[in-house]
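[1] Pasting a predicted model and its sequence here:
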Amino acid sequence: MHTLILKLGATGDVVRTTPLLKHLAGEVSWVTAAKNVPLLTGLTPTLRCVAWEERTRFCDRDYDLVINLEDSLDVAQFLSALKFKQLFGAYAVKDGLSYTEDARGWFDLSLISRFGKAKADQLKLANRRTYQDIIFAGLGLRFRGEPYLLPPPAVGDLTGDVAIAPKSGHVWPMKNWAYYGELKAELEAHGLTVNVLPERPSLVQHLGDVKNHRCLVSGDSLPMHMALGAGTRCVTLFTCTGPWEIHPYGIQRQITSPLLAEFFFQRGLDERAIQAITVPEVLAAVLAQLR
């Protein structure tokens with residue numbers, strides 16, 4: 001069995017796709033973004049991984065299954081360079097992109113949904129299935145809480161009780177909760193060591209920072225996925241994306257904004273969205289996780 005996975009980013013989405021590796025027999029090839037290669041290399045003895053820029057290296061065999069989880073035209077067009085028996089996911093058509101029937105559980109909620117973006121966002125807001133459950137089911141599998149696969153974290157000296165990851169990137173400014181500074185002060189008043197996670201040159205260093213703390217506080221972002229994979233308890237704030245796609249693995253406390261429906265999947269910035277969750281609510285959740 002030869003399987004090819006096309007999942008480039010975002011990195012958190014790559015991480016939450018790794019449980020599939022426990023179920024794919026034979027050799028698995030994975031094309032991803034260059035920065036993600038260190039996270040995937042060596043995860044299993046039968047996995048090989050290359051960056052998107054080196055994708056033609058994986059035109060070296062016939063695949064039994066190609067899993068394309070990207071919704072971009074350039075990735076879909078790469079399929080024409082491959083030989084395979086079965087496709088799961090997105091592919092190019094004359095007027096853009098479509099997707100296989102068995103992948104509709106996920107792509108009906110996506111930017112390339114056959115229903116259009118407005119309806120897709122409504123379906124996504126109403127969805128109560130995790131990402132893994134949806135993808136596994138489409139592939140004829142059953143998700144049973146299989147954990148993420150991650151490489152050994154880099155050894156670092158940034159340690160403490162609570163790690164805070166206040167930024168979720170420029171794409172989703174409404175994921176950046178307004179009160180991380182106030183939360184840090186409150187936690188330190190309880191005698192806790194609190195660190196704001198710095199930027200690191202490698203993702204395995206970032207993973208090490210997360211693992212070196214007892215609890216992570218963040219939005220729906222890569223550090224959250226690293227905490228879930230590293231076994232670090234976490235408190236996650238959902239201000240404009242839903243918590244239901246995230247499997248909590250028994251270690252996550254999810255706090256959902258009371259204004260989630262109003263700002264769901266919006267990529268602009270509204271101060272009300274980032275202020276809707278209160279400091280006392282988050283503080284109580286963090287203290288409960290530490291206990």
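    That came through fine.
[2] Please make it C-alpha for all contacts and neighbour counts, starting now.
    Noted.
[3] Helices of this structure, residue ranges please.
    11-15, 37-40, 73-78, 104-107, 117-126, 131-138, 180-189, 203-211, 222-230, 260-263, 271-275, 279-290 (DSSP state H).
[4] List of residues touching the fifth one?
    Counting by C-alpha atoms under 8 Å, 6 or more residues apart in numbering, the neighbours of helix 117-126 from elsewhere in the structure are 108-111, 113, 242, 261, 264-265.
[5] Report the two members of the residues you listed separated by the largest distance.
    Ser113 and Ala261 (19.7 Å; C-alpha to C-alpha).
[6] the more surrounded of these two?
    A direct count of neighbours by other C-alpha atoms under 10 Å for Ser113 and Ala261 places Ser113 higher, at 20 against 15.
[7] residues touching that one, list them.
    Neighbouring residues of Ser113 by C-alpha under 8 Å, 6+ apart: 107, 120.
[8] From Ala103, how far out is it?
    11 Å (C-alpha to C-alpha, to the nearest Å).
[9] Quick check: which ranges of the stretch 1-150 of the chain have low pLDDT?
    Nowhere does the stretch 1-150 of the chain drop to pLDDT under 70.
[10] What ranges does it have for its strands?
    2-6, 27-32, 47-51, 62-68, 83-93, 96-99 (DSSP state E, counting those that start in this stretch).
[11] and Tyr179, which of these is closest to it?
    Among the strands of the stretch 1-150 of the chain, the nearest to Tyr179 by C-alpha to C-alpha is strand 27-32 (34.1 Å).
[12] Not counting its neighbours along the chain, what's nearest Val212?
    One correction, residue 212 is Asn, not Val. Spatial nearest neighbour of Asn212, chain neighbours left out: Thr159 (5.0 Å); criterion: C-alpha to C-alpha, 6 or more residues apart in numbering.
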